[in-house]
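In: Sequence and predicted structure are below.
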Amino acid sequence: MKYTDSRPSIFILYTGGTIGMVENPHTGALENFGLDRFVKLFPELHRQPYHIDYAALDHPIDSSDMEPSGWVKIAKEIVRRYDMYDGFVVLHGTDTMAYTASALSFMLENLGKPVILTGSQLPIGKLRTDGKENLLTSVEIAAARNEEGASMVPEVCIYFDSRLMRGNRTTKVNAEGFNAFRSYNYPSLAKAGISIRYEPRLIRRPDPDRPFTPHLSLDDRVMLLTLFPGIRREYVEAALLQDGLRAVVIKTYGSGNAPQKPWLRPLLAELHRRGVVVVNNTQCSQGAVEMGRYETGLQLLQAGVVNGYDSTIESSLTKLMLLLGHGFSQQEVAAQMNCSIAGEITL
């Protein structure tokens, strides 16, 4: 239903993850305990000055099991409720949250409302859980409006440990601490303390002359290759010279450099000839690829490798899946990878 009073309406979607789990007393493992119990453990939500509705995926997904089909399910849940709510909060496991946030940022084109992903490192039922603050603040951000009455942050974002970050700029960096995510190449969009301080100049706004357009077709025929000293030719060829492969992201050294092995450049050139898009991403957390800076990077440029700029690995992979899923040619995909379509790279 569409609420008619002036209070913001927020939809919370539970997809799985630690925030909604409980410890099995027999095995010690964390297990999903259901949305009804989750809501009962979190009475603070009912004291918020918003209309809040909840739903869960039919089968909650452990973060490690999240795949493109799961992103499509999440996007569909948002799309069919898009006109009914002012903002959305997606509860998600931390391990692949950055992949999901990146994918949704491309799938929900010209988004005009907040989609905030959050979760926790400790279950909601634990005394020291970080889940309550993460969720309460995510709801507040999803409901926030500016002086013109528009959504304060109409983007796909991750909120975690007092920071609001652009979803396609984030990476999980900590498996144990509450500061699980960081955005190294783009500043936080907001920081939460006693109050929430937004950075309006950093926040993307939708084009008022274009409609909100969802994209639900993805092609997962992509591959990630991490370079390392001593990498062997036969293993790389076995991985990359596969029928059907459409795109490869290579994690290179420094500013986009690769070893000058006699077999590497011809292999990359062969992939390019086959129509495979090859994207160069740095292994470094911070900084960007500059393939013309050193000869070790120039060889990749000469083999037809595409610059990944300062994109995260999560962003490059999910962007490729979306572009390939919509039938773009090799040249068109390469051109789009050199454009910022959702604020994912700095040009």
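Out: Perfect, thanks for sending it.

In: Tell me where this protein is predicted with low confidence.
Out: Scanning the chain for pLDDT under 70 picks out 1, 21-38, 41, 125.

In: Farthest from the middle of it: give me that residue.
Out: Distance from the centre of the chain peaks at P262, with 36.0 Å (C-alpha atoms, centre = their mean).

In: Check the secondary structure at that residue for me.
Out: Following DSSP: H, G, I helix; E, B strand; the rest coil, the label given to P262 is coil.

In: ok now do H92, which residues does it touch?
Out: When contacts are counted by C-beta atoms under 8 Å, 6 or more residues apart in numbering, H92 is found next to T15, G16, G17, S63, M66, T100, L117, T118, G119. Glycine gets a C-beta too; all of them are placed from N, C-alpha and C.

In: Let me know the closest of the residues you listed to R7.
Out: T118 (21.3 Å; C-beta to C-beta).

In: Check whether the closest one really touches E133, as I assumed.
Out: No - if you go by C-beta atoms under 8 Å, T118 and E133 don't touch, sitting 9.6 Å apart.

In: Looking at the two, which has the bigger crowd around it?
Out: Neighbours were counted for T118 and for E133 using other C-beta atoms under 10 Å; T118 has more, 31 against 17.

In: List the backbone torsions phi and psi for that one.
Out: When read as degrees, to the nearest 10, the backbone of T118 gives phi -150, psi 170.

In: Just list the residues touching it, thanks.
Out: So T118 contacts I19, V89, V90, L91, H92, N134, L135, S138, I158, Y159, F160 (C-beta under 8 Å, 6+ apart).

In: Quick check: bridge partners of it?
Out: Beta-bridge partners for T118, by DSSP bridges, are L91.

In: please renumber so the chain begins at 29
Out: Sure, I'll start counting at 29 from here, so that last one is T146.

In: Relative to V306, how far out is it?
Out: Look at T146 and V306: by C-beta to C-beta, to the nearest Å, they are 34 Å apart.

In: again, but for Y281
Out: With distances taken as C-beta to C-beta, Y281 is found 16 Å from V306.

In: go on, G147?
Out: 33 Å.

In: which stretches of the stretch 79-228 of the chain form helices?
Out: Under the criterion DSSP state H, counting those that start in this stretch, the stretch 79-228 of the chain contains helices at 96-107, 125-135, 159-171.

In: now for the shortest one, which elements pack on it?
Out: Helix 125-135 sits against helix 96-107, strand 143-146, strand 184-188, strand 199-200, helix 341-353, with contacts defined as 3 or more C-beta pairs under 8 Å, 6 or more residues apart in numbering; DSSP states H and E.
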